[in-house]
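Participant: structure for this input, please:
(2 chains)
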Amino acid sequence: MNELVNKLRQGNRRALARAMSSVGATGHAESSLEVCLRESTGQVPWWGFTGPPGVGKSTLLDALLVHLREHGRRVGVVAVDPTSTRSDGALLGDRVRMMRHAVDDGVFIRSLATHGHHGGLSDATLHCARLLELAGYDPVLIETVGVGQNEVEIRSVADLCVVVLGPGYGDDIQLVKAGLLEIADVVAVNKCDLPEAQRLVNEVRQEFAAAARDIEVVAIEAKSGNGVPELLQRLFELDRARRTETAEASRGRRRTLGEIRRRTEFSCRQALGRAMTGPEVEQWITKLNRGECSLATVISRLAALALAELQQEADDG
Amino acid sequence: MRKLDQAGQQDLTSCTVDAHPPKRILIGKVGLDGHDRGAKFLIRALRDAGYEVIYTGIRRTPEQIVQTAIDEDVDVIGLSLLSGAHNQLFARVAELLKEEGVEDVVLLAGGTIPEKDVPYLEALGFRHVFTPGAPVSEILSALQQELSSRE
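Facilitator: Residues are numbered from 1 along each chain as shown, chains lettered A, B, ... in the order given. Predicted coordinates:
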């Protein structure tokens, strides 16, 4: 274990890549590496990037990497794309936008699939980000899958959240709805060469003003790099404010809390899925349809079955 | 691979713990060649067959391909080229992999490659060379065979 950690700290890319493949296998007992990672990280703030599909998150990361490298920073990137619910396969295409950094020693990019995990991240995301932190990458950037209105899990993982929007998001009513804007520390409105973009910038600003929230809205054009240095300055300011001792202490707590919540939800959902296939289910359907029992009864029975299974797993493992 | 029940719904029992996470495949296009229809056809087919596909996009250098393969810890590298420079560029990828000490990755080649070049590419370590007209089923079964023989 110590040998591996040493290799990681020395910047051995193959060791890092291999370690990333070994972490985050759901349902297994935690490896000593995973335990070690939790202990030995928490100093570096993670920057999360989220927003609708095709809005330019990967292109923005590509542009940010250029500037972060100019500032002499070694940057780690975890980019998540969706797993197919039909085949379990995935097309991990975020890298296509970032290939010019592939041979830069100061940049490490890893593509991950969601593996049936909802919320815009995957189980391995947290571990891979921790590995990058341990290997000396600072900052660590996390790109979520393209999200809709409600996948806001990045909030529990990242220390600062950039919400990326672009023209075509909809009218101002969309912005008033709860969801993405609520988790933003900064909003980047991309594709500002397009005419509709300025209207969106104004609407988002008005929305924050109405909610009395002091959130900066930066107009950018990720492809040409316009506005990206300004966005980065704002990110540096927010990053600095998060490098206090108290922020560090709460960071470790928050990451672990998020981890507990995600893993618990995942395990419960799986156990419940298995309970749903038990022989009793057909009887319950019949009874429910005849009005012979209540839905609440069925729920409590299913939950009890799932719980028993989880208990059994914990005892075994 | 996940099964679908009769109604085409996702079967919850089969999204249980993955004893074997999906294999990871890099599909890359090297050199000055923008013809990516074949590569894009293949990445869809591979995704639907349950693989995690890392696509590099077009006009990449052998160095970019190899570093990406290492960082992403892939099991397979598939290179596609239609420009005619396969002997040079594919050889460079194989050479760089050797320099980096990467020996456990399955190498596949595809594109408009003349019959006479196939033995050379095979000697470089490419396990299969797929030429125009190769059915996707053939590619998938060759891939499966390669991977299962390495388990």
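Participant: where does chain A have its least confident helix or strand?
Facilitator: Sorting the helices and strands of chain A by mean pLDDT, DSSP states H and E puts helix A:172-176 at the bottom, at a mean of 72.
Participant: that helix packs against which elements?
Facilitator: For helix A:172-176, the elements it packs on are helix A:196-210, judged by 3 or more Cβ pairs under 8 Å, 6 or more residues apart in numbering or on different chains; DSSP states H and E. In short, each C-beta sits where N, CA and C put it, glycine included.
Participant: strands of the chain, start to end?
Facilitator: Using chain A. A:46-50, A:75-81, A:90-92, A:107-113, A:140-143, A:160-165, A:186-189, A:216-219 (DSSP state E).
Participant: try chain B instead
Facilitator: B:24-29, B:52-55, B:76-81, B:106-111, B:126-130.
Participant: could you dump these into TSV with mean pLDDT added?
Facilitator: Formatted as TSV, those follow (pLDDT from 0 to 100):
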stretch	mean pLDDT
strand B:24-29	97
strand B:52-55	96
strand B:76-81	97
strand B:106-111	97
strand B:126-130	97
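Participant: the residue in the stretch 101-250 of chain A that chain B sits nearest to: neighbour count?
Facilitator: Among the residues of the stretch 101-250 of chain A, A:Ala102 lies nearest to chain B; the distance is 4.2 Å by Cβ to the nearest Cβ. Neighbour count for A:Ala102, taken as other Cβ atoms under 10 Å in any protein chain shown: 21.
Participant: surely it is in contact with A:Ile109?
Facilitator: Yes. With contact defined as Cβ atoms under 8 Å, A:Ala102 reaches A:Ile109; the gap is 7.5 Å.
Participant: identify the contacts common to those two.
Facilitator: A:Arg95, B:Asp71 (Cβ atoms under 8 Å, 6 or more residues apart in numbering or on different chains).
Participant: could you tell me which residues of chain A lie near chain B?
Facilitator: A:13-14, A:16-18, A:20-21, A:25-28, A:83-93, A:95-96, A:99, A:102-103, A:108-111, A:113, A:115-116, A:270, A:272-274, A:276-277 (Cβ under 8 Å from any Cβ of the partner chain).
Participant: filter these down to the buried ones and hand me the PyMOL line.
Facilitator: Buried residues within the residues of chain A next to chain B, by 16 or more other Cβ atoms under 10 Å in any protein chain shown, are selected in PyMOL with:
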select buried, chain A and resi 13+16+17+20+21+25+26+83+84+87+88+89+90+91+92+93+95+96+99+102+108+109+110+111+113+115+116+270+272+273+274
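Participant: how many other residues sit next to B:Leu140?
Facilitator: So B:Leu140, with other Cβ under 10 Å, has 17 neighbours.
Participant: next up, the contacts around it.
Facilitator: Here B:Leu140 is in contact with B:Ala45, B:Leu46, B:Ala49 (Cβ under 8 Å, 6+ apart).
Participant: what about it, distance to B:Arg47?
Facilitator: According to Cβ to Cβ, to the nearest Å, B:Leu140 stands 12 Å off from B:Arg47.
Participant: same check on B:Ser141?
Facilitator: Applying Cβ to Cβ to B:Ser141 and B:Arg47 gives a distance of 17 Å.
Participant: go on, B:Thr68?
Facilitator: 18 Å.
Participant: buried residues, stretch B:85-96. List them.
Facilitator: Quick answer for stretch B:85-96 (16+ other Cβ under 10 Å): B:His86, B:Leu89, B:Phe90, B:Ala91, B:Arg92, B:Val93, B:Ala94, B:Leu96.
Participant: tell me the pLDDT at the second one?
Facilitator: Going back to what we said before, that points to B:Leu89. B:Leu89 carries a pLDDT value of 97.
Participant: and the end-to-end length of stretch A:139-146?
Facilitator: Taking Cα to Cα, to the nearest Å, stretch A:139-146 runs 22 Å from one end to the other.
Participant: so what's the gap between it and the chain middle?
Facilitator: 6 Å (Cα atoms, centre = their mean, to the nearest Å).
Participant: what mean pLDDT does it get?
Facilitator: Stretch A:139-146 comes out at a mean pLDDT of 94.
Participant: which stretches of chain B form helices?
Facilitator: B:37-48, B:62-71, B:86-99, B:118-124, B:136-149 (DSSP state H).
Participant: pick the most deeply packed of those helices.
Facilitator: Stretch with highest mean neighbour count among the helices of chain B: helix B:62-71 (a mean of 22; mean count of other Cβ atoms under 10 Å in any protein chain shown).
Participant: close to chain A, is that helix?
Facilitator: Yes. For helix B:62-71, a contact with chain A is found by Cβ under 8 Å from any Cβ, at B:Glu63, B:Gln64, B:Gln67, B:Thr68, B:Ile70, B:Asp71.
Participant: go through those residues and say which is closest to chain A.
Facilitator: B:Gln64 (4.2 Å).
Participant: which residue sits closest to that closest one, ignoring its sequence neighbours?
Facilitator: A:Ala102 (4.2 Å; Cβ to Cβ, 6 or more residues apart in numbering or on different chains).
Participant: what of A:Glu34?
Facilitator: A:Val23 (5.7 Å).
Participant: what does A:Ala275 give?
Facilitator: A:Ala275 sits nearest to A:Leu305 (Cβ to Cβ, 6+ apart), 4.0 Å away.
Participant: tally of neighbours for that neighbour?
Facilitator: Neighbours of A:Leu305 (other Cβ under 10 Å): 18.
Participant: go on, A:Ala212?
Facilitator: 6.
Participant: same check on A:Ala241?
Facilitator: Going by other Cβ under 10 Å, the residues that sit close to A:Ala241 add up to 13.
Participant: who's in contact with it?
Facilitator: A:Ala241 neighbours (Cβ under 8 Å, 6+ apart): A:Ala247.
Participant: per-residue confidence at it?
Facilitator: 93.
Participant: would you mind measuring from it to A:Leu235?
Facilitator: A:Ala241 is 11 Å from A:Leu235, where distance means Cβ to Cβ.
Participant: one more: A:Ser300?
Facilitator: In terms of Cβ to Cβ, A:Ser300 sits 48 Å off from A:Leu235.
Participant: more neighbours, those two?
Facilitator: A:Leu235 (24 against 11).
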